[in-house]
Each structure stands twice: as C-alpha cells, then as structure tokens.
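Student: Sequence first, then the predicted structure:
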Amino acid sequence: MSGHAPEIPVFPRLLTQPLRLLPLQPMAAALTLVARRLIQRHPSLIARLGGHAAARFAIDPTDLPLTLLLYPHPTHTRIELHRGVPESDARIAGPLAALLGLVHGAYDGDALFFSRDLVIAGDTSAALALRNAIDDAELDLGGEIAVLAGPFRPVLLPLIEAAQRITGVALTRADALPGGEEGLA
C-alpha cells in the first residue's frame, strides 16, 4: 500500500442523527454478540493482545454520535455504547469508513495516522496490539454478521455487497464478496 491516505467517506450527519434517539443497550447487546462470535471464531485475537487483553478500547467513529467501548476479555468480551467518549486505556478515533477499512485491510493504518484521518490516544502500545491482532485475524465483519443471520444469509449478502458498492465503505474483506463464501462458513 502507498503512504498516501485515500479520500475517506464520511457518513452524512442527516443519516446519523437517528442514532441519537435509539436506545444504546439493544445495539450494545447486538454488538457484544458479534464480538463474542468473532472471539470464538478467531481465538488468536485475544492471544495476540497479550497483556493488553484486559484493556478498555474506545473505538470512536467521529462521524457517528456514539462511541464503542470494547472490553476484549477472553471469556467476558463485551461492548458498551456511549453518547460521549468514555474513559478508556486507548482511544482510536476516525471516520467509521476508515475504522472499518482498517479492519478489512482496505486502508493502511500508518497512512491514516500520519494523514491525521486516524487519531490514537492513551496507551498506544495497547492500540497497536489491537491493530496487529485484527490484522492477523483477517476479520470480515460483514461476513460474520451474515453468518449470524442464519437462514437470512442469502438475502443479507447481496445487501452488504450493494451497500459497500454504493457507499464506498469496506464492509467486508476485499476477497470475500461477491458470492460471500470466502471465510464465511
């Protein structure tokens, strides 16, 4: 990847405003379910965090009116949602598209950091451990969510592909769609 950061899509404020009205607990419960599923399917995520497995990570999509607080514990992984930026050991902030692009290998983290599209605060070694764990696991969040959808998976996969194409946001790994079979079983 080149050292130059690409243009990062930003979610329009009009589309993100409804998130201000939605209750956070049901969304946090759904995200916790996905996170636990990821840990079950990719146990190396926790192992790769090493001494940072007990850290609290604030994932702050700057174009959304909420922040995720990730507790990546080996047996008690959970995600809390907050309307502001909660206290954490490490904070990783940037547009949601940049954060998802990092997870899916679409963007170079160093380029995003040096272009200031991505901000790291707090324990940078914990943030780096999380980034390395995610990179090594080659996660596909869209695929993981499709697997959780069970019998609705055949309907969901084309919707994920269309949303990715229309928005330009990496919702899956580049090698996962179309067809959605790579890494989704």
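Tutor: Ah, there it is. Residues are numbered from 1 along each chain as shown.
Student: what's the longest helix seen in the chain packed up against?
Tutor: In the chain, with assignment by DSSP state H, the single longest helix is helix 24-41. Counting contacts by 3 or more Cβ pairs under 8 Å, 6 or more residues apart in numbering; DSSP states H and E, helix 24-41 packs against helix 44-49, strand 78-82, helix 141-148. Bear in mind the C-beta positions are built from the backbone N, C-alpha and C, glycine included.
Student: quick one: the last one to helix 24-41, angle?
Tutor: Going back to what we said before, that points to helix 141-148. 90 degrees (axes from the mean of the first three to the mean of the last three Cα atoms, to 10 degrees).
Student: re the thing from before, format the CA atom coordinates belonging to the longest helix of the chain as PDB.
Tutor: Taking C-alpha atoms only, helix 24-41 is exported to PDB below (Å, rounded to 0.1, in the frame of the first residue of the first chain):
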ATOM      1  CA  LEU A  24     -28.000   2.200  23.300                       C
ATOM      2  CA  GLN A  25     -28.500  -1.100  25.300                       C
ATOM      3  CA  PRO A  26     -30.100  -3.200  22.500                       C
ATOM      4  CA  MET A  27     -27.400  -2.100  20.000                       C
ATOM      5  CA  ALA A  28     -24.600  -2.800  22.500                       C
ATOM      6  CA  ALA A  29     -26.100  -6.300  23.100                       C
ATOM      7  CA  ALA A  30     -26.100  -7.000  19.400                       C
ATOM      8  CA  LEU A  31     -22.500  -5.700  19.000                       C
ATOM      9  CA  THR A  32     -21.400  -7.800  22.000                       C
ATOM     10  CA  LEU A  33     -22.900 -10.900  20.400                       C
ATOM     11  CA  VAL A  34     -21.000 -10.200  17.200                       C
ATOM     12  CA  ALA A  35     -17.700  -9.500  19.200                       C
ATOM     13  CA  ARG A  36     -18.100 -12.800  21.200                       C
ATOM     14  CA  ARG A  37     -18.700 -14.700  18.000                       C
ATOM     15  CA  LEU A  38     -15.600 -13.100  16.500                       C
ATOM     16  CA  ILE A  39     -13.500 -14.200  19.500                       C
ATOM     17  CA  GLN A  40     -15.000 -17.800  19.300                       C
ATOM     18  CA  ARG A  41     -14.100 -18.000  15.600                       C
END
